[in-house]
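# Okay, predicted coordinates and the sequence, questions at the end:
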Amino acid sequence: MRVAIITNEGGAAISQPETTAAARAAVSYANDNLGGIGGHRIEIVLTCPTREDVATARTCANKVVEAKADALVVTSTGLGATIAPIVTGAGIPYITANGATAPELTSPASFVWTGGFPSILRAWAKYAKDKGYRSFTAFVIDSPSAIGAAQQLGAPAFKAAGVDFTVATVPAGTPDATPIVSAALRRKPDAVAVIGESTVCISVIKALETVGTSADKLITQPCVERSVLDAVGSAIDGTQVATPYDVISKDDPEVRRYDAVMARYAPDTPTGGYAGIGYQGMMSFIRAAQGIRGDVSPAAVIAAVKSAKNVPLPIGHGITFTCDGTALPPLISVCSSSNIFERFDAGKATDAQVVALR
């Protein structure tokens, strides 16, 4: 089984090498303990860091095609709109735990294990409606995929919920977001959300504390990686975290397996940050494709994944996925619409709960 990996390592503002280490750890575990995938040893034929640069991402996608990979696993990226059409156009399945762009979310050859950003936006819209909120502001990293998803998917969801929704963009690497946050808070939103990588999380969370607000605060998983927690301290307390995976429920067999795999195959990689998305993306693929039949090929991989039913989502707090196009219409590539919500208190995530949209 020839598998390529694309990762967002090496960027000046964004770099998440832990996702690659976790994906590779999942492969080593599967080869040593599961017989690979369907009895076929997994060979990583390419690892390509995009540096979150469009031209480099396009080069990586073309390298996947040239490598004749049977599948591509993307650990995380904001450039799915560049990568997915090239890969799926060559008949190679595009696989990721968390997608945000239309080419990732609507291709018959693309598989997104979790509802990701689109389902988080819908869950937040429902949450705001249930709370009786009238306005909601999202601080979003200034990347095409994140802004596009917020505007194209978030705005309709909040409109349907009867909640005013605004987006404030924050460039990656912004050292002080106070002017951006101050301007957005003049609208007096009932709730605010932070959507971005670590530098955006740090600058916005610090600015929210500096400016002061009574708004409910919601964040996504990158905002709870160790560098963010160390930088913002108690400013994160009371926030609600929307995440595709649970690594805090240490009595959960899935979490125990994750910790054991990482300890064995990636001992120097922190497990509490965004490493989980790389592990979840690869391990979900390993589970979903176990039923592959005959010779290994991209078409055989696609058929195997589409035929798998109710697959346990790795570190998914009991969530299962099925890639039949019905999880989050009209996004046919999404395989599950559920998310995990956690609460941060005293610097630690607690009370993981599954929030299902269906």
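On my side now, so go ahead. Keep in mind that what you see is a predicted model, and the values were worked out from it rather than measured. Residues are numbered from 1 along each chain as shown.
# Grab the nearest non-local neighbour of the residue nearest in space to the middle of the chain.
By Cα atoms, centre = their mean, the chain has its centre lying nearest to residue 98, at 3.5 Å. For residue 98, ignoring the flanking residues on the chain, the nearest one in space by Cβ to Cβ, 6 or more residues apart in numbering is residue 116 at 4.0 Å. Just so you know, the C-beta spots here come from the backbone N, C-alpha and C atoms, and that holds for glycine as well.
# For residue 183, which residues are in contact?
Under the criterion of Cβ atoms under 8 Å, 6 or more residues apart in numbering, the neighbours of residue 183 are residue 168.
# continuing past the helix or strand where it lies, what's the next helix or strand?
Take DSSP states H and E as the rule and residue 183 turns out to sit in helix 178-185. Sequence-wise, the next helix or strand downstream of helix 178-185 (DSSP H and E) is strand 191-195.
# strand partners of that following strand, parallel vs antiparallel please.
Counting by DSSP bridges, the strands paired with strand 191-195 are strand 135-141 (parallel), strand 216-220 (parallel).
# Identify each buried residue in the helix or strand following it, please.
Next helix or strand after strand 191-195 toward the C-terminus (DSSP H and E): helix 198-211. Within helix 198-211, the residues that count as buried by 16 or more other Cβ atoms under 10 Å are 198, 199, 200, 201, 202, 203, 204, 205, 206, 207, 208, 209.
# cool, and stretch 344-358?
Buried residues in stretch 344-358 (16+ other Cβ under 10 Å): 344, 349, 352, 355, 357.
# which residues of the protein fall in strands?
2-7, 43-49, 71-74, 94-96, 110-112, 135-141, 164-170, 191-195, 216-220, 240-243, 311-312, 320-321, 339-345, 348-355 (DSSP state E).
# The fourth one: how far from the chain's middle?
Centroid separation for strand 94-96 versus its chain: 11 Å, with Cα atoms, centre = their mean, to the nearest Å.
# residues making contact with it?
Counting by Cβ under 8 Å, 6+ apart, 71-77, 80, 83-84, 87-88, 104, 107, 109-113, 281, 284-285, 305 sit against strand 94-96.
# neighbours of the nearest residue to residue 1 once chain neighbours are set aside, just the number please.
Spatial nearest neighbour of residue 1, excluding adjacent residues (Cβ to Cβ, 6+ apart): residue 40 at 4.4 Å. For residue 40, the count of nearby residues is 16 (other Cβ atoms under 10 Å).
# Name all residues that make contact with residue 40.
Contacts of residue 40 (Cβ under 8 Å, 6+ apart): 1, 292, 296.
# so the last one makes contact with residue 1?
Spelled out, it's residue 296. Yes: shown here, residue 296 and residue 1 form a contact pair, counting by Cβ atoms under 8 Å, at 5.3 Å.
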